[in-house]
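Engineer: coords please:
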Amino acid sequence: MSMPTYDYKCGACNETWEVFQSIKAAPIKKCPACGKQKAKRQIGPGAGVIFKGSGFYQTDYRSDSYKKGADAATKTESSGSTGESAGTSKPAAKPEGKSAE
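Structural biologist: Okay, the predicted model is just below:
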């Protein structure tokens, strides 16, 4: 199990450093540079995420049964469709003699 990196800064001498610590470990209080008990854990930006390889598209994570059902639905729509799907309506006709401004 990897441990997170924490940034620390001393309130007395402004020394900054990083420490690999367990999440459960108590924050460090003693500055390694000046020895005073003024060290504070800083809030960091966190780690960057690197995406490598395939599997980052929405469809890459679908199960095989979902893909088969989606393919079947697509084939049904394309073979028996009249160009309109249920629940849609045609746009209203424009009155004749009036031009769009």
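Engineer: Please make it C-alpha for all contacts and neighbour counts, starting now.
Structural biologist: Will do.
Engineer: Below-threshold pLDDT in the protein: ranges please.
Structural biologist: Scanning the chain for pLDDT under 70 picks out 1-2, 45-47, 50, 52-62, 80-101.
Engineer: Can you show me the helices along it?
Structural biologist: Secondary structure of the chain (DSSP state H): helices located at 64-80.
Engineer: Which stretches in it count as strands?
Structural biologist: Secondary structure of the chain (DSSP state E): strands at 5-10, 16-20, 39-42.
Engineer: Of the ones you listed, give the one that comes closest to D71.
Structural biologist: Closest to D71 of the strands of the chain is strand 5-10 (CA to CA; 46.3 Å).
Engineer: how far off strand 16-20 does the closest one point, in degrees?
Structural biologist: With axes from the mean of the first three to the mean of the last three CA atoms, to 10 degrees applied, the angle from strand 5-10 to strand 16-20 works out at 150 degrees.
Engineer: Show me what counts as buried in strand 5-10.
Structural biologist: Y6, Y8, K9, C10 (16 or more other CA atoms under 10 Å).
Engineer: mind listing what the third one touches?
Structural biologist: K9 makes contact with E15, T16, W17, A39, K40, R41, Q42, according to CA atoms under 8 Å, 6 or more residues apart in numbering.
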